[in-house]
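the following block contains a protein sequence and its predicted model.
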There are 4 protein chains.
Amino acid sequence: MTQQFDLVIRGGTIATAADIFEADIGISDGRITALAADLPRGTDEIDATGKLVLPGGVDAHCHFDQPTSDGSKMADDFDSGPRSAAFGGTTTVIPFACQQKGQSLRAAVDDYHRRAEGKSVIDYAFHLIVTDPTPQVLGQELPALIREGYTSFKIYTTYDDLKLNDREIIEVLALAKREGALTMIHAENSDAIAWLTEALEKAGQTAPRHHADARPAIAEREATHRAISLAEIVDVPMLVVHVSGGEAMEQIAHARSKGLKVFAETCPQYILLTADDLNLDGFEGAKHICSPPPRDSASQRSVWRGLANGTFQVFSSDHAPFRFDDPQGKKVRGDGASFTHVPNGIPGVETRLALLFSEGVGKGRISLNRFVALTATNPARLYGLYPRKGTIAVGADADLAIWNTTREVTITNDALHHNVDYTPYEGRRVTGWPETVLSRGEVVVQGGTLEAKPGRGAFLECGAPDTQL
Amino acid sequence: MTQQFDLVIRGGTIATAADIFEADIGISDGRITALAADLPRGTDEIDATGKLVLPGGVDAHCHFDQPTSDGSKMADDFDSGPRSAAFGGTTTVIPFACQQKGQSLRAAVDDYHRRAEGKSVIDYAFHLIVTDPTPQVLGQELPALIREGYTSFKIYTTYDDLKLNDREIIEVLALAKREGALTMIHAENSDAIAWLTEALEKAGQTAPRHHADARPAIAEREATHRAISLAEIVDVPMLVVHVSGGEAMEQIAHARSKGLKVFAETCPQYILLTADDLNLDGFEGAKHICSPPPRDSASQRSVWRGLANGTFQVFSSDHAPFRFDDPQGKKVRGDGASFTHVPNGIPGVETRLALLFSEGVGKGRISLNRFVALTATNPARLYGLYPRKGTIAVGADADLAIWNTTREVTITNDALHHNVDYTPYEGRRVTGWPETVLSRGEVVVQGGTLEAKPGRGAFLECGAPDTQL
Amino acid sequence: MTQQFDLVIRGGTIATAADIFEADIGISDGRITALAADLPRGTDEIDATGKLVLPGGVDAHCHFDQPTSDGSKMADDFDSGPRSAAFGGTTTVIPFACQQKGQSLRAAVDDYHRRAEGKSVIDYAFHLIVTDPTPQVLGQELPALIREGYTSFKIYTTYDDLKLNDREIIEVLALAKREGALTMIHAENSDAIAWLTEALEKAGQTAPRHHADARPAIAEREATHRAISLAEIVDVPMLVVHVSGGEAMEQIAHARSKGLKVFAETCPQYILLTADDLNLDGFEGAKHICSPPPRDSASQRSVWRGLANGTFQVFSSDHAPFRFDDPQGKKVRGDGASFTHVPNGIPGVETRLALLFSEGVGKGRISLNRFVALTATNPARLYGLYPRKGTIAVGADADLAIWNTTREVTITNDALHHNVDYTPYEGRRVTGWPETVLSRGEVVVQGGTLEAKPGRGAFLECGAPDTQL
Amino acid sequence: MTQQFDLVIRGGTIATAADIFEADIGISDGRITALAADLPRGTDEIDATGKLVLPGGVDAHCHFDQPTSDGSKMADDFDSGPRSAAFGGTTTVIPFACQQKGQSLRAAVDDYHRRAEGKSVIDYAFHLIVTDPTPQVLGQELPALIREGYTSFKIYTTYDDLKLNDREIIEVLALAKREGALTMIHAENSDAIAWLTEALEKAGQTAPRHHADARPAIAEREATHRAISLAEIVDVPMLVVHVSGGEAMEQIAHARSKGLKVFAETCPQYILLTADDLNLDGFEGAKHICSPPPRDSASQRSVWRGLANGTFQVFSSDHAPFRFDDPQGKKVRGDGASFTHVPNGIPGVETRLALLFSEGVGKGRISLNRFVALTATNPARLYGLYPRKGTIAVGADADLAIWNTTREVTITNDALHHNVDYTPYEGRRVTGWPETVLSRGEVVVQGGTLEAKPGRGAFLECGAPDTQL
């Protein structure tokens, strides 16, 4: 080997989406340049003997510093958010540049770059959120943005300030087809939710647990079927985000069995929480308010089956950082008012990987390869970041997480690094934790300490989605 | 890199079941010891610039020199069979040591080793075929054989000299569960086939095309559902071999959606032939007699969907080498008599990979990663040969096929290396061919020439099946 | 028998939805008062020996003299429409009182009564069409109208002047639940149709056959799934009208298998026409423009299966009488313009029964009992007219059709009695025809002649829907 | 009305499978000759004012005096069995003439006639049980017996002395097709049951509750799918008897959705008992041992759905009368030994109708018309007894049950008329009871007293099955 390595990670067990093998990893200029049984000494060395070396996670669904319109405020920005992610073994995040209705999508992107600038400790890309697909947006802004590296966008079927009607959904899907982009969809029937919500409020049923009553699985299933149908008419791949359970999954699996390119994502809350968690004493249940809401234990089993059998390709956090006890947080806004005033979303960017590793790989529900695929390789492929991100292979960025697979950790919010004042997983014990995290060959986290400077993370232009998973 | 390489394959594009990347491959002592951007010169060098380097194929379903009881004779033994496989890019074959009813399974294994001894040019393992699960076989022979490296066995629901009844199937499945082995099942309802066959013969409908009438998809679906149900009762993984189309697939997909560990294999004949191919002039249709028979174009589309969406994990040849024009072959035995006298099975060990590559990867129906998974990685995992076989990773055997992806080849039997006098794919054009094939770092095939000695192939003891695909 | 009969129908074979038996029918004061083996002579007598006596048909989906907003005009009013129905063996019709957006529903009902007054030769009820469910309509008009005997209403998901959004659909369903009414829904995704239509027009594809391209089965399936989901959330029975084939049927059958009270109707065009019939020379294809459009032969087979196995409860005509060659008709409005200018709908009120009898009962696809259930008993039950209408039982109105089951008739428009200048079934031969038709014991049609006075038909107040079919 | 009536039932509300109406019923010579609003006085009169008059039940699955081969003995013969049936509102029973393996089917029929001769108080037909389909049986005995009025036969996939293998099943189905008979099948996988049973016995798990463990729903589903597949290959209608729950129902519903003529029966035990009822103190659980065993509450809900939505056409008792505390009964044979020694089957011929009426019609789960269809009309049609039996129509036998729909009855074995020493429904309260029961116009049961002579019941020759339900 004629080359010299800046860093050699020695003696670890490496897992990709397909393989598990022991090798040294040679890193030069931030990239993996060698995988070999016995590499020469690098400028730096990390001993990974007895450890598991995985691709750093790609969290393809998280919200940082995203403007809101309801008086709430996201607690994590591009400083705390990516840092928290890094502590959890994630090395790439893809938050959302969200168009405001009536405004330019380009302006939203520019604004979001300003918010991100100089803060992130790991690399990041942007999804777009299209809320106002005007001719200007569809005809000029989006095609240009796609060419510039914003190749995926999320659309909503719910929330008044975000939702598109069917015609708009079709137009966005048609554009995605023309331009080779990937559409992500939040699928819940808005009108059904509004009607149920009004009925609940009229009946005085405003406690947090009624958030789940207002957003039943049927409403999610309906919008999922509708989105699939519209994508089928347009004939374009699509991804359904944060699928909560069996009703929507049945639609997705049926579409896939017919050969449609429908992809799906789920999140930690749908394997670990249920609607009962919205029914805690005081207003504590509000901590678990997110949409779609967690369902029941049968849904959890369905989601696990879907993680194991390929119905799901992506496992993301949907980190939506709202503080609980804060003037702009869940309790103050909702308590005494209604669950409808509680900002939707829960934090999880730091705990995503350890929870799935411990509950999934550790308990034999999914293989280690599937874990890597769900948390890193597949999102990198689907969102056009592969092969730079999402795997351990020659030529890839040296974004790595070195896991101690036997370490037992009790999750407490005190030990987390986000800026939210609670975690839904307080007190939960996991086995396995990513102790050392590298981004482009640089140690970012080591032994519980941040070793890298905020702002070192780079913006990533996304390429064409790989929809041949 | 302190190590010295016996061989460096330089500059190729490497694909595994998960990744595609460019790297040099360093090989020492028959194993892959380095994958790197720029390796030092090896003792030998192969220039793979512009070529695709894939794991050598694992053909997990092929028949060589297997004793028959009906007067027919297999044309390929452990000399011609593995050689033909190697010319097609396959580096591991797993034929079947078949117990004769009333005899010892151990004796069958011993006999089969004698037949294999000193002949194969590539490595090989044995599946067992259990036809007589006596207490002796279940209580002693099989457990011992499993421990010795025969960790998978095939059972039949059809053919009088092979078939097991439901109780015997259950006993074999229960043993597989106890001992950690994998059961493969040929699923067709024997009684329905016998009844239909007798009716056809009574009506004088004995031409080859009636072979397909005698074995309808419903009979395959029934036995598939039955096998799945018995495995569900026993609670053990199982693999259904040579699935021909949508009826059986629907059962398998439904089982998988419920979380059952049911795996499935298909073969080239089910994506490229139909029952119409049994209806050629003269007795030519007999060339395409195999069981289950090829179905129709809708079935072909179903099978392609299953290859793409994960219903199938394994793509094998089911190479069953009976000559056409030969005293022990298809024509002589069947012509003038009945389709029932035609030996069942068609050749394909050499054409398997190029056909799937050209029709599948080349035409965009499956990804290159899926191709590798179906033809190499998954069978290696399921049958306990991974990580030694089935991938390109540090530590794996250097079993490699270097593909020229743009080479156009017209398949003709003259150019093939099996000992059968026809190919079902005569005249079919493919794009992409494995030009150089290595087994444990040794060039076996190069430029259309066999470069290695028959007999160099080693017997492989299989480990525990990996059923967490 | 102390009573005296105004009329005895003697010696016929009677069929109901459950039974077939021979009996005399005694009629007094317009009602059936006796079914017996041997009745005394009545004031009048009809000899039905060798004939089949069926309940007069209930056509629960037909349009007469309904105001349109696009310049087209319905050719049949309450004179010609019911007369045509009667000649086809139908004795009850339920056309639609259609609210105009922005106007009162009560006003629409009053107007429709004026249009009907004194014209109909057979009895009639009204469905309502709710196009503008204002608080006034939902809170006052509809509840009052339901109490007055308008217990079913149709809503649309398509057509700009008719369609409701999801919230409005839910409100109507919720009202139907509160008040015990039945909602009928026209299910096609409006936005998808609009988008496809614009694309077709942009491409110059404006011929009648493109009407079918603009309204694909997926758009129908989507709206069907959506409607079912909304009804599931509200927890109320619902009926999907004019279902065209397998895609929508699969949704309905799945819902029913889960125990939901989802009912479905289909029409002659979906078993006898295909999209190819929209592709005739000249502009003739426009004669078959209706929505949803007829599909293909596989859809026809699906619909037949659904008629036989209970997926469908109702078989209606969806008679929508637009002339072809007329200033306000299909040809003048559409030719030279676009399929979008062609009034939607085809005639069929007179041919409905004979077509289903001949193709269904005559060819063994459905039983005679099912025929009666689909065409008379079930619509009467679902729309609250049972037991007065829809069956032959003591106490029921003597609405009867006496069929000559062996008579062969070639359908020609010349022989029909509607006011439309074509029939989609021109030249089709049927076996079996209702030769004598009675309404409340009075002979309305006999030997091809109208024997009763227009205007004798009475308005029927509907009772509560019977959703326990 | 020129005729004179032997009996007039006056003022009742009559229900058929399709209709509900008020009428007097005129009866002459044992047949219904008039249904009318106001009949002249008959020789006899029954006042049914305020009562419900239903067709007498047809119990198409019951066992009386059937020889057994295991030392057990049926407690009811053709005296007590039909009498008990009559007290429960049933007027036709169809028990089984069972061939012994190795013997003639004709001999079994002759023997069974001897057993029936002169005993039954109501009419009866015979199903056959084919256990040994020899060429003699298939070629001569069965065709002759079918012509003589034995047009349905049951076959088994389980029980060593009864079961057929797949080839035999096919042969019987093929004969049924040729001769126009209907095959009923008991579907459970025999080998799976045997294997599970042996494992349970080996583990000492011999208590009654393990009967349910030995016969899981999967084993029933498997045999159901197999039977459907064989019938599909032969292309002949078939009926699956005593279906216990969702697993088998899913197969049946799927087959029906594809247009196959697969019919299904269920029984009271599958809506009212669960496997928990096999787990009572002492050996009491043995009272509920039947095959397939009752399942769980989810299965009960599935069965109710199937009764309501048409998956089931027939509701029978499967009355199998074994005493509990008796030398030849359940306790003596099984206690201290194993559940395998307990005779299979439970009594229910007298309680069938009241249980379904009270739980089904009374609680709004099924309509009254469906009740009639399930318990009388459909079995009469399927087994070729219609229109003589199973309905209330002119020309039908006057087999009637006059129900007091408000009477509350607590079921106790003391009050029942079978010869079994327990009822599985002891203490259960029902609302509605058939107080007066007539067979061919003769009062058989009135006010809790038997009013007719044993032996008056006639043997019924069955006609061709009507499979167009």
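Yep, that arrived. Residues are numbered from 1 along each chain as shown, chains lettered A, B, ... in the order given.

what separates A:D191 from A:D166, distance-wise?
When distances are taken as CB to CB, to the nearest Å, A:D191 and A:D166 turn out to be 12 Å apart. The way it works is simple: take the backbone N, C-alpha and C, and place the C-beta from them, glycine included.

so the two - more neighbours on which side?
Neighbours were tallied for A:D191 and for A:D166 using other CB atoms under 10 Å in any protein chain shown; the higher tally belongs to A:D166 (23 against 20).

what about stretch A:207-219, how long is it end to end?
For stretch A:207-219, the separation between the terminal residues is 20 Å (CA to CA, to the nearest Å).

so which strand or helix has the closest residue to chain D within chain A?
Using CB to the nearest CB, the point where chain A gets nearest to chain D is A:A298, with a distance of 11.2 Å. Assigning secondary structure by DSSP states H and E places A:A298 in helix A:297-309.

quick one: list the elements packing against that helix.
In terms of contact count using 3 or more CB pairs under 8 Å, 6 or more residues apart in numbering or on different chains; DSSP states H and E, helix A:297-309 is assigned the packing partners helix A:246-257, strand A:262-266, helix A:269-272, helix B:246-257.

recalculate using a threshold of 6 Å.
Helices and strands touching helix A:297-309, by 3 or more CB pairs under 6 Å, 6 or more residues apart in numbering or on different chains; DSSP states H and E, are helix A:246-257, helix A:269-272.

between those, which one is nearest to chain C?
Here helix A:246-257 is closest among these (CB to the nearest CB), at 8.4 Å.

how much does that closest one deviate in direction from helix B:246-257?
Direction vectors for helix A:246-257 and helix B:246-257, defined by axes from the mean of the first three to the mean of the last three CA atoms, to 10 degrees, enclose an angle of 150 degrees.

between helix A:246-257 and helix A:297-309, how many degrees?
Going by the same axes, to 10 degrees, helix A:246-257 is angled at 30 degrees with respect to helix A:297-309.

helix A:246-257 near chain C at all?
No. Helix A:246-257 lies apart from chain C when judged by CB under 6 Å from any CB of the partner chain; the minimum separation is 8.4 Å.

quick one on the thing from earlier: tally of neighbours for the residue nearest to the residue of chain A closest to chain D when sequence neighbours are not counted?
Setting aside the residues directly before and after it, A:A298 is nearest to A:G246 in space (CB to CB, 6 or more residues apart in numbering or on different chains), at 6.9 Å. Neighbour count for A:G246, taken as other CB under 10 Å: 21.

look at A:G246 and report its pLDDT.
Confidence per residue is given as pLDDT, and for A:G246 that number is 97.

surely it is in contact with A:R301?
No. In this structure A:G246 lies outside contact range of A:R301 using CB atoms under 6 Å: 8.4 Å.

any shared contact partners between these two?
Counting by CB atoms under 6 Å, 6 or more residues apart in numbering or on different chains, no residue touches both A:G246 and A:R301.

okay, how far is it across stretch A:417-436, tip to tip?
According to CA to CA, stretch A:417-436 extends 15 Å from its N-terminal end residue to its C-terminal end residue.

again, but for stretch A:309-317
The separation between the terminal residues of stretch A:309-317, taken as CA to CA, is 20 Å.

return the helix or strand in chain A with minimum mean pLDDT.
Taking mean pLDDT, DSSP states H and E as the measure, helix A:330-334 is the helix or strand of chain A with the lowest mean score, a mean of 86.

what residues does the stretch 201-350 of chain A put near chain C?
When proximity is defined as CB under 6 Å from any CB, the stretch 201-350 of chain A approaches chain C at A:I218, A:E222, A:H225, A:R226, A:S229, A:E232, A:I233.

quick one: the fourth one from A:F263, how far?
Right, the one you point to is A:R226. Computed with CB to CB, the distance linking A:R226 and A:F263 is 17 Å.

circling back: how about the helix holding A:A298: buried residues?
Buried residues in helix A:297-309, counted by 16 or more other CB atoms under 10 Å in any protein chain shown: A:S299, A:Q300, A:S302, A:V303, A:W304, A:R305, A:G306, A:L307, A:A308, A:N309.

run the angle between it and strand A:262-266 for me.
For helix A:297-309 against strand A:262-266, the angle between stretch directions is 120 degrees (the same axes, to 10 degrees).

can you give me the strands in the stretch 51-200 of chain A?
Per DSSP state E, counting those that start in this stretch, the stretch 51-200 of chain A carries strands over the ranges A:52-55, A:57-59, A:90-93, A:96-98, A:123-124, A:127-129, A:152-156, A:182-186.
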